[in-house]
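A.B. asks: below are the sequence and a predicted model for it; my questions follow.
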Amino acid sequence: MARTEEGEQNPPPLITRVLAEEFQGECMEALRSLVEDTGASIVLSSTWRLAENDLAAVNLQLETHRIAQCVGCTGQDACGLRALEILAWVDEHHPRNFVILDDSNILSFGCLGDTVIGRLEPCFVRIDGRIGLQKSDLGCAKTILTP
């Protein structure tokens, strides 16, 4: 435990790979708008889900930006293919609708097969990793979540 100058105890800072600078205000506003406008919940599939401190840091950033914390995380596929991890979560939880927001093309692996790609591609919105989620990405994501 860390102590303030007044002698109060504070929890030690999280040691994490998640940096507050990665959660830009404009991107978080876009995410909050998507969640509020569609009633969506966040299920984390990024590598940040793999370490408890990283997940806690993500949830703290969501809370800081007035967005509900993650309701869950995808599991880990033995091959580490995020598309398969997402599909396994979908098959287990049966959401009415879902959208995948990612800055990498998770559907580009040739080993996925047409069935996996066919199920996930209509739900996939590729985000520009240099600038993050933008309001311009929301139209497609909202259409997917509220057909």
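C.D. replies: The structure has been received and is ready for your questions.
A.B. asks: check the residue nearest the centre of the chain and give its pLDDT.
C.D. replies: Using CA atoms, centre = their mean, the residue of the chain that lies closest to the mean C-alpha position is Leu44, 4.1 Å off. If you check Leu44, the pLDDT there is 87.
A.B. asks: could you do the one 4 residues further on as well?
C.D. replies: Among the per-residue scores, Trp48 holds a pLDDT of 68.
A.B. asks: for burial, what's the neighbour tally of Arg49?
C.D. replies: If you count neighbours by other CB atoms under 10 Å, Arg49 ends up with 19. The C-beta positions use only the backbone N, C-alpha and C, and glycine is treated the same way.
A.B. asks: contacting residues around it?
C.D. replies: Going by CB atoms under 8 Å, 6 or more residues apart in numbering, Arg49 touches Leu55, Cys70, Cys73, Thr74.
A.B. asks: from Gln76, how far out is the closest residue in space to the third one that isn't next to it in sequence?
C.D. replies: Just to be clear, that refers to Cys73. Nearest residue to Cys73, sequence neighbours excluded (CB to CB, 6 or more residues apart in numbering): Arg49, at 3.9 Å. Using CB to CB, to the nearest Å, Arg49 is found at 9 Å from Gln76.
A.B. asks: just give me the neighbour total for Ser136.
C.D. replies: Ser136 is flanked by 10 other residues according to other CB under 10 Å.
A.B. asks: part of a helix, is it?
C.D. replies: Yes: counting by DSSP: H, G, I helix; E, B strand; the rest coil, Ser136 falls inside a helix.
A.B. asks: quick check, pLDDT for it.
C.D. replies: Taking Ser136 on its own, its pLDDT is 91.
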